[in-house]
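In: structure, please.
(6 chains)
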Number of protein chains: 4
Amino acid sequence: MFASPGLAEVNTNTIARAAGVGVGTFYAHFEDKFALYRELMANGLAMLQQRLSEASQAARDQPIEAQVRATVAAFVDFARSDPSLYRVVFAGGEGPGRAGRAGVGFSARAMENRLAELQQAGQLASAIDVAAAARFFNAGQSQLLLWWLDAADPPSPAGLIDTLVALHPAVVCRR
Amino acid sequence: MFASPGLAEVNTNTIARAAGVGVGTFYAHFEDKFALYRELMANGLAMLQQRLSEASQAARDQPIEAQVRATVAAFVDFARSDPSLYRVVFAGGEGPGRAGRAGVGFSARAMENRLAELQQAGQLASAIDVAAAARFFNAGQSQLLLWWLDAADPPSPAGLIDTLVALHPAVVCRR
Amino acid sequence: MFASPGLAEVNTNTIARAAGVGVGTFYAHFEDKFALYRELMANGLAMLQQRLSEASQAARDQPIEAQVRATVAAFVDFARSDPSLYRVVFAGGEGPGRAGRAGVGFSARAMENRLAELQQAGQLASAIDVAAAARFFNAGQSQLLLWWLDAADPPSPAGLIDTLVALHPAVVCRR
Amino acid sequence: MFASPGLAEVNTNTIARAAGVGVGTFYAHFEDKFALYRELMANGLAMLQQRLSEASQAARDQPIEAQVRATVAAFVDFARSDPSLYRVVFAGGEGPGRAGRAGVGFSARAMENRLAELQQAGQLASAIDVAAAARFFNAGQSQLLLWWLDAADPPSPAGLIDTLVALHPAVVCRR
DNA sequence: AATGAATGAGATTTCATTCAT
DNA sequence: TATGAATGAAATCTCATTCAT
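Out: Numbering: from 1, shown residues only, chains lettered A, B, ... in the order given. Take a look at the predicted model:
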């Protein structure tokens, strides 16, 4: 429900009804409508992080492009496996407690560090601002998949992955 | 107000009060708080489109990279010139009338066509899906600037522009 | 407008617009929405009274039944000649200033006196309460015409008049 | 409250307060103030119908005049037993949902049929239009009682009943 | 622990009325 | 005298939250 009518449009009664419990029961389990949202989002994000780091570990010793491909593939896979959850995590949603936007900033720091290493190793053009590049890629990737999940005539997952890999800062600016 | 507390958090009374008019006056001019939002957004988007096409025209005969740089610079400039408006346009905002998300899809089609031309001219790797690449870049760019406007320690505009240019599909995948 | 959407449903702006003047102009002429209503109603009532007393005068020297027939015919005629005005006068309408219901009580006193004379002259059964009979006939007659004006398959005016005459206290209870 | 300040003058807050519940509670039980009105009215009408048909049944085998007297007496009794309810049912009240006027048309059809039978049996002058006569009597009776409930110097119930019986089409036009 | 009727603060919206032009 | 934009009081209605059962 958070995914499709949106956070602001759902009400607690409806949530409870849909869950097959009474309104009171809802409040026995969650502080708030927003608490549920935050929890959902945090779970989704944790799940995604988990998948990404597993993919990253597995590809640890491969060349950079293969590493990138592994994480991109894991990301795309996550979006496909649970589109609603993906939308909750990345489609934002306003509200007290600054619930929204959390997904967007996600893991930018980790990627930023990774890019900084590459840059120091001379693998990444020095004109690139690593903080910006990390945010750019993360935002682009996550919003692209949001579009993809609803697209009338969506590209194949493989095409998507190829494109994202080709456009990844660590791959692009190797020279 | 739409930029900072957010669409869902503002109410018509507050808007009217802040505008120095009565509530009734607000409703004499706008159907809804959403109507105002939509109008604001449409205006902002139109303004941005205008600036982008001007920049694009001016750089028409220059090499691809210069063209890209011109539009990216215009985009960054727009964000800088009116951060609040920029947030209204790109930070989304749910609600009846499907106000939100409009900015995100913005002009993807135009860029998609441009990339397709380059691809047919052999200037863009054929593995790239142009629809995806266009959405990716647009989303990445607009969300990056959203972060940038609020960043504690933001990169310089020039650094930002360099980075975005370096990561633009039309620049990246030239070979 | 008072006749068909009803007093409570009309607003001053609409009235003024329909009259081809500004709202302000409306208030230059009438204290109130209700003042207009009252004036309309008073006019209608005065007009009706006028017609009724003319008819009554003209039939002054005829037998009772002919007198009754004359006033009933005048009443029916009035309803037919301006149905909207008729509805304003008799369809009631709530509101401050006790605008409504005025038509209903209309002229009951005059008829009551007339019936009392007949009763004292032995022309009307003494079991009849003249106050009640007068109210009864007036209300019955006015509401009947309200129905008649909108009826899908309305009786002819002549049939209506015959019926009302036949049921008029002064005619009925002559013995 | 519908009886005395009138439908248009009451608001949901006042109703709820008077009922000793919160506004929300009111809306949990009724769609609208109009829904409550309609329900009240429908109940009142049903109650009245019930009483009338009981009275009618009980007098089934008596002469016409006694039958009429029985229903008229039941009607008067109903008005006396719950004046407020009576006013709600018969005093009308405009508004969305076409709440008003319902009471006025009440049961005219049944009476119309009854009169038609009498007419065919030669018990009722053929000049009488039965549809009109039925509406006339019903409207006259119900509005008369409305006046009676508030009259400064009201006739006795017995006098009222005598008068209404004497003026009833089925009694009057017997020859 | 689960329930859902009750609550009322707060948001939206209308509209009679005013008043500067 | 005519105008209509501006006003804000008041009405409607929603919904997050509580609490007695």
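
In: what is the neighbour count of the residue in chain A that DNA strand E sits nearest to?
Out: As assessed by Cβ to the nearest atom of the strand, DNA strand E sits closest to residue A:24 within chain A, at 1.9 Å. C-beta: built from backbone N, CA, C; applies to glycine. A total of 8 residues lie near residue A:24 under the criterion other Cβ atoms under 10 Å in any protein chain shown.

In: one more: the one 3 residues further on?
Out: By the criterion of other Cβ under 10 Å, residue A:27 has 14 neighbours.

In: just the element for residue A:149, please.
Out: Element membership for residue A:149, per DSSP states H and E: helix A:130-150.

In: find the nearest non-adjacent residue to whichever residue of chain A sits closest to chain B, please.
Out: The minimum distance from chain A to chain B, using Cβ to the nearest Cβ, falls at residue A:140 (2.7 Å). Nearest non-adjacent residue to residue A:140, counting by Cβ to Cβ, 6 or more residues apart in numbering or on different chains: residue B:140, 2.7 Å away.

In: how much space between the one you found and residue D:77?
Out: Distance, residue B:140 to residue D:77, using Cβ to Cβ, to the nearest Å: 82 Å.

In: what's the neighbour count on residue A:51?
Out: Residue A:51 has 17 neighbouring residues, counting by other Cβ under 10 Å.

In: per-residue pLDDT, it?
Out: In the prediction, the pLDDT value recorded for residue A:51 is 96.

In: hang on, it packs against residue A:76?
Out: No: taking Cβ atoms under 8 Å as the definition, residue A:51 is not a contact partner of residue A:76, at 10.7 Å.

In: list the contacts for the residue nearest to residue A:140?
Out: When contacts are counted by Cβ atoms under 8 Å, 6 or more residues apart in numbering or on different chains, residue B:140 touches A:136-137, A:139-141, A:143, B:167.

In: and the two most separated of these?
Out: The most widely separated members of the contacts of residue B:140, counting by Cβ to Cβ, are A:143 and B:167 (14.8 Å).

In: what's around residue A:154, how many residues?
Out: The local packing of residue A:154 (other Cβ under 10 Å) involves 16 other residues.

In: how about it: what's its closest non-neighbour residue?
Out: Spatial nearest neighbour of residue A:154, excluding adjacent residues (Cβ to Cβ, 6+ apart): residue A:148 at 5.2 Å.

In: can I get the helix holding residue A:149 in CSV, CA atoms only?
Out: Extracted in CSV, the C-alpha atoms of helix A:130-150 (Å, rounded to 0.1, in the frame of the first residue of the first chain):
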residue,chain,number,x,y,z
VAL,A,130,34.0,11.1,-6.2
ALA,A,131,31.3,12.2,-3.8
ALA,A,132,29.2,13.5,-6.7
ALA,A,133,29.9,10.6,-9.0
ALA,A,134,28.8,8.2,-6.3
ARG,A,135,25.5,10.0,-5.6
PHE,A,136,25.0,10.4,-9.3
PHE,A,137,25.3,6.7,-10.1
ASN,A,138,23.3,5.6,-7.1
ALA,A,139,20.4,8.0,-7.8
GLY,A,140,20.5,7.3,-11.5
GLN,A,141,20.5,3.5,-11.0
SER,A,142,17.7,3.5,-8.4
GLN,A,143,15.4,5.9,-10.3
LEU,A,144,16.1,4.1,-13.6
LEU,A,145,14.8,0.9,-12.0
LEU,A,146,11.8,2.6,-10.7
TRP,A,147,11.0,3.6,-14.2
TRP,A,148,11.8,0.2,-15.5
LEU,A,149,9.4,-1.6,-13.1
ASP,A,150,6.5,0.4,-14.6
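
In: and the pLDDT for whatever residue of chain A ends up closest to DNA strand F?
Out: Closest approach between chain A and DNA strand F, counting by Cβ to the nearest atom of the strand: residue A:11, at 3.0 Å. We note a pLDDT of 91 for residue A:11 in this prediction.

In: now do residue A:22
Out: pLDDT recorded at residue A:22 is 94.

In: show me what contacts it?
Out: Shown in contact with residue A:22 (Cβ under 8 Å, 6+ apart): residue A:16.

In: separation between it and chain D?
Out: Per Cβ to the nearest Cβ, to the nearest Å, residue A:22 is found 15 Å from chain D.

In: cool, thanks, talk later.
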